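Colleague: Provide a 3D model corresponding to the input given below.
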Amino acid sequence: MSVKKVKFEYEKATKNSVRFKEVPEEGSAPIVGTLYVQKWYAGETKTIEITIDKKD
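Modeller: Residues are numbered from 1 along each chain as shown. I've put the predicted structure just below:
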């Protein structure tokens, strides 16, 4: 089992969602890349963090 926290920063707003760009840890490749979150949930936030729990 592996748990990873991934941070994202606001990139731009689209019609119904907000696009966030992953901020990878220094020296590593992005895990998710781009993440779209619906505007009704994202609101005006500029940063979000998600947790990925990989079940082996």
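
Colleague: which of the three states applies to Tyr41?
Modeller: helix (DSSP: H, G, I helix; E, B strand; the rest coil).

Colleague: I should have written Gly27 there, sorry.
Modeller: Applying three-state DSSP: Gly27 is coil.

Colleague: assign the closest residue to Ile50 other than its chain neighbours to helix, strand or coil.
Modeller: Distance criterion CB to CB, 6 or more residues apart in numbering; nearest residue to Ile50, sequence neighbours excluded, is Val6 at 5.3 Å. (Each C-beta comes from the backbone N, C-alpha and C, glycine too.) Of the three states, Val6 takes strand under three-state DSSP.

Colleague: so what's Val6 up against?
Modeller: Listed by CB atoms under 8 Å, 6 or more residues apart in numbering, the contact set of Val6 reads 22, 31-32, 49-52.
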